[in-house]
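# build the 3D model from these lines:
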Amino acid sequence: MKVMLDSKNVSLIYDDGCPLCAIYTQLFVRYNLLRKEGRVKFKDIRIDTFCSLDYHRAKNEIALYNHDTEEVLYGVDSIFELLERKWKILKHIRNSRICYFILTHLYFFISYNRKVIAPDIGIACNDCIPSLNYKYRSFYL
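The predicted model follows:
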């Protein structure tokens, strides 16, 4: 996995219809982990601007896009990438296979069930609906 740590030219692509996504991306901006213009709504992305973005995967996992290298990190890796800018100790958690495994599955559980856990906040044309993952939905039920 490449590291985007030094790049200031990154965008975090999030589901603006999800209250959880909106809150934690706002916190990234508030605590200077991400520039305000680096917070991009999924519905506003343009494929020609985000060339290497996996559109389907970005619906299911928050994506951190590096405009300089066109590298993309998804899900837990994108969150860790931002948090490690301020708290270097988190690198040890990401490098721990057990912790990383647990956090990855917790992230998927929340991500795939986010429209059930935190219902849509009323955005009419939000096309960032996660795929139905039977494993995580069954676990939720």
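# stretch 36-49 spans what distance, first to last residue?
18 Å (CA to CA, to the nearest Å).
# can you show me the helices along this structure?
Secondary structure of the chain (DSSP state H): helices at 19-30, 55-60, 76-83, 90-95, 97-112, 114-117, 134-140.
# now the ones you listed as CSV including mean neighbour count, mean pLDDT and distance to Ser11?
To be clear about C-beta, it is placed using only N, CA and C from the backbone, and glycine gets the same treatment. Below are the helices of the chain laid out as CSV (neighbours: other CB atoms under 10 Å; pLDDT from 0 to 100; distance: least, CB to CB, whole Å):
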stretch, mean neighbour count, mean pLDDT, distance to Ser11
helix 19-30, 16, 90, 11
helix 55-60, 15, 88, 11
helix 76-83, 20, 94, 10
helix 90-95, 14, 90, 21
helix 97-112, 15, 91, 18
helix 114-117, 15, 73, 20
helix 134-140, 12, 58, 26
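# just put those in JSON lines and tack on distance to Asp44.
As requested, the helices of the chain are exported to JSON lines (distance: least, CB to CB, whole Å):
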{"stretch": "helix 19-30", "distance to Asp44": "13"}
{"stretch": "helix 55-60", "distance to Asp44": "12"}
{"stretch": "helix 76-83", "distance to Asp44": "17"}
{"stretch": "helix 90-95", "distance to Asp44": "29"}
{"stretch": "helix 97-112", "distance to Asp44": "20"}
{"stretch": "helix 114-117", "distance to Asp44": "19"}
{"stretch": "helix 134-140", "distance to Asp44": "27"}
